[in-house]
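Asks: Need a 3D model of the following:
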Amino acid sequence: MRVFQIEGEWGMDHLKLSTRAEPVAGPGQVLVRMKASSLNFRDLVVPERGYGSYTGTLPLIPISDGVGVVCAVGAGVTRVAVGDRVCPAYFQSWFGGEPNLERLTQSLGGPIDGTMTEVMCLSEQGVVKAPAHLSDAQAASLPCAALTAWSAMSSGAVKAGDRVLVQGCGGVALFAVQFAKLLGAQVTVLTSSDERMERVKALGADAVINYRAVPEWAKATRELTDGKGYDMIMELGGEKTLPQSLRCIRPGGMIAMIGILSGGALSAALGLIITRQVRLQGITVGHRDGLEAMMRAIDMHKLQPVVDRSFAFEELKEAMAYLKSGAQFGKVCIAH
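Replies: You can find the predicted model right below:
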């Protein structure tokens, strides 16, 4: 079967189209014939061994998000059946409860082989049925990007009437807008162009700020929140955005630390965290039970994930270059 894998040495130049023998399902396992994959920022980091020893060993099949159809099951499988369309869970050993090191280091696309293959062999515990109303590309975008946004906002973190600030128009950000509106929140979005402002308003954003035109956006948000600040901020920028996020979060509010797209160093007024009793909460995707709950919510509300563009299987490198460019609005996907 065809696979993309990093082989020989680490580095994007060593990401190659190759072949492997098709797997066989053992007891408790399922074979999933993949239909689509979806890219995330981490997929640009993995080929460079950006997570150190936790990246895995070579050869490694990259990409963590995908959807496929169960084509065979091993003995004792009861969660799914042949013909079910399923998404592999990002963390293959974190089914529920609190995280620990083992649960957080068994992720698809590094160190475990990922979705850029024709057939995956997975534990039945590591797959979740996908909503029927979604296309393959839309369903492929759910296990990592959507669940990250859901994990930040679920379990009472965002309530009806809360004010939420979302940074950017990438996959996690747009899911955050959709989930926040589903929960009844007032949503402000930071984006980089007037054209994107109109598109994100169509998704339900109540206010949009072009951060290129308004670089001191923390000041601009005071009027939008009546000077009270935001109940939650989806922090995706990191180094260059966190200092302003700390200036516009309300006392007792939560900053969901999700990404470090502008850098990973910390240079901020840390005293604000103390004096305003700010909760700075790291979010790393979520567990399988959370993925199942999110799938039910998406199905019930017929939410439509935003897909920017789909590439052919052979065009993985082109798709990754497009993701790196930052030109996308929504998810970048791969058709299998």
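Asks: Name the residue most distant from the centre of this protein?
Replies: Using C-alpha atoms, centre = their mean, the residue of the chain lying farthest from its centre is residue 75. It sits 32.3 Å away.
Asks: what's the nearest residue to that residue if we skip its chain neighbours?
Replies: What sits nearest to residue 75 in space, not counting adjacent residues and going by C-beta to C-beta, 6 or more residues apart in numbering, is residue 27, at 4.5 Å. For glycine as for every other residue, the C-beta is placed from the backbone atoms N, C-alpha and C.
Asks: The one you found reaches residue 73, doesn't it?
Replies: No - using C-beta atoms under 8 Å, residue 27 makes no contact with residue 73, being 9.9 Å away.
Asks: In the protein, which residue is most central in space?
Replies: Central residue of the chain (C-alpha atoms, centre = their mean): residue 145, 1.6 Å from the mean position.
Asks: Flag every buried residue along the one helix or strand residue 222 maps to.
Replies: With the criterion set as DSSP states H and E, the secondary-structure element containing residue 222 is helix 217-224. Across helix 217-224, burial judged by 16 or more other C-beta atoms under 10 Å covers 217, 218, 220, 221, 224.
Asks: ok, the nearest residue to the third one once chain neighbours are set aside - how many residues close by?
Replies: The shortest distance from residue 220 to any residue that is not its chain neighbour, by C-beta to C-beta, 6+ apart, is 5.1 Å, and that residue is residue 214. Counted with other C-beta atoms under 10 Å, the burial measure for residue 214 works out to 13 neighbours.
Asks: Return the set of buried residues in the lengthiest helix in the chain.
Replies: Longest helix in the chain by number of residues, with DSSP state H as the criterion: helix 288-301. Buried residues in helix 288-301, counting neighbours by 16+ other C-beta under 10 Å, are found at 288, 290, 291, 293, 294, 295, 298.
Asks: Adding distance to residue 277 and pLDDT as columns, could you present these in a markdown table?
Replies: As requested, the buried residues of helix 288-301 are exported to a markdown table (distance: C-beta to C-beta, whole Å; pLDDT from 0 to 100):
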| residue | distance to residue 277 | pLDDT |
| --- | --- | --- |
| 288 | 32 | 97 |
| 290 | 26 | 97 |
| 291 | 31 | 98 |
| 293 | 29 | 97 |
| 294 | 29 | 97 |
| 295 | 34 | 98 |
| 298 | 33 | 98 |
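Asks: With respect to residue 40, which of these is nearest?
Replies: Looking at the buried residues of helix 288-301 and their distance to residue 40, the nearest is residue 291, at 14.8 Å (C-beta to C-beta).
Asks: wait, isn't the closest one in contact with residue 148?
Replies: No - the criterion here is C-beta under 8 Å, and residue 291 misses it with residue 148 at 10.7 Å.
Asks: ok, and what's touching the worst-scoring helix or strand of the chain on mean pLDDT?
Replies: Within the chain, judged by mean pLDDT, DSSP states H and E, the helix or strand with the poorest mean is helix 271-275; its value is a mean of 86. If you take C-beta atoms under 8 Å, 6 or more residues apart in numbering as the criterion, helix 271-275 is touched by 246, 247, 278, 280.
Asks: Can you tell me the element residue 70 falls in?
Replies: Residue-wise, residue 70 maps onto strand 65-73 under DSSP H and E.
Asks: Neighbours of the residue nearest to residue 54 when sequence neighbours are not counted, how many?
Replies: If the residues on either side of it in the chain are set aside, residue 54 comes closest to residue 105, at 5.5 Å by C-beta to C-beta, 6+ apart. The local packing of residue 105 (other C-beta under 10 Å) involves 17 other residues.
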